[in-house]
Structure formats: C-alpha cells, structure tokens
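**Student:** With the sequence up front, the predicted model follows.
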Amino acid sequence: MISNSPVVVDSDGHVSAIVHWPHRRGGQAHCLVRLYPLADRVVAVASEIRANDDRRGIADDMAGVAAKALDLAQEHVNAEPANIIWLAHHGAFSYHDAFDPDTFTLIPLTWEGQRYQDNLEAHRLLTEQQVHNLLDGRSLEPVPRALASLGWPY
C-alpha cells in the first residue's frame with residue numbers, strides 16, 4: 001500500500017495521497033499523487049514536492065511512481081493500469097528556488113502486464129488548457145491545499 005500515508009477522497013471521487021516508493025537511483029522518494037476518475041480513463045497527476053530529495057525526482061522515475069500509485073488507483077478508483085494517463089507536475093511547490101508557471105508533462109507509460117515501462121523520449125509538455133481538457137473541464141486542486149488536506153507541510 002502507500003506506507004501509512006493518509007488518503008483523501010473528495011465528494012467527486014478524486015483521490016489524493018503522498019506516495020512513497022524506492023527510487024530507481026536508490027533511496028526512498030515521495031510525491032503527491034492525485035487521481036481523477038473519468039468515464040473512460042483515470043488521469044493521475046504526480047506532483048513533485050520540495051520535501052522530496054532533488055536527486056530522486058519524479059520525472060526520472062515515473063515508472064516507479066506509477067508502480068506504487070497503481071495500488072492507490074486500484075483500491076480507490078478500480079482503475080486498469082493501461083487506462084491511466086500519467087502526468088508529472090512541477091511548480092513553485094516543487095523546489096525551494098520556486099518558478100512559475102506550473103509545468104505539466106505527459107508521461108506515456110506502457111503497461112507490460114506486470115509493470116510500467118517509461119520512454120523518456122516520449123515525454124511531452126502540455127499546456128494548462130490541455131490538462132484542463134484531459135480532466136474533462138475539472139480543476140486541479142492547488143498543491144498547497146492538497147498537501148494541507150493530507151496533513152503534509154508545504
């Protein structure tokens with residue numbers, strides 16, 4: 001499961017949690033994961049948070065993030081691994097030397113039946129409008145608010 005971290009499920013069925021996983025470069029890593037169940041897919045947004053060690057970032061190990069977040073997705077939104085769209089999210093909440101605006105990267109992970117495979121060359125930046133469209137017009141909760149709801153310091 002997700003290492004005793006609280007899970008918040010809001011009235012729309014959106015799920016938020018801090019997910020911990022063994023990073024492919026060694027050591028433990030963590031990030032905020034939010035799941036947005038839609039009619040034909042689940043959009044999973046993994047937000048890099050500044051409490052995570054910079055050497056163990058999410059963009060460098062999205063397959064690891066997804067492997068651990070899959071437990072969350074299957075438990076709370078009954079998602080099939082191949083029907084999850086994975087996004088990496090970075091912004092002022094990601095690093096102590098903040099930057100704007102937020103960036104969203106589509107991470108087209110391939111489900112191999114037992115695990116996800118990541119092809120770094122297939123990653124692509126999305127605009128906020130593209131993310132809004134992926135979420136069928138739903139708004140992405142601001143990271144500081146999502147962290148607060150989980151009892152996690154910003």
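**Tutor:** All right, it came through fine.

**Student:** quick one: Pro144 is in a helix?
**Tutor:** Yes: Pro144 forms part of a helix when assessed by DSSP: H, G, I helix; E, B strand; the rest coil.

**Student:** which residues does the residue nearest to it when sequence neighbours are not counted contact?
**Tutor:** Closest residue to Pro144 apart from its sequence neighbours, by CB to CB, 6 or more residues apart in numbering: Tyr154 at 4.6 Å. C-beta: built from backbone N, CA, C; applies to glycine. Each residue near Tyr154 by CB atoms under 8 Å, 6 or more residues apart in numbering is listed here: Phe93, Val143, Pro144, Leu147, Ala148.

**Student:** Mind giving me the packing neighbours of the top strand by length along the chain?
**Tutor:** Counting residues, the longest strand found in the chain (DSSP state E) is strand 28-37. Packing partners of strand 28-37 (3 or more CB pairs under 8 Å, 6 or more residues apart in numbering; DSSP states H and E): strand 15-22, strand 42-47, helix 62-76, helix 143-149.

**Student:** go with 6 Å
**Tutor:** Applying 3 or more CB pairs under 6 Å, 6 or more residues apart in numbering; DSSP states H and E, we find strand 28-37 packed against strand 15-22, strand 42-47.
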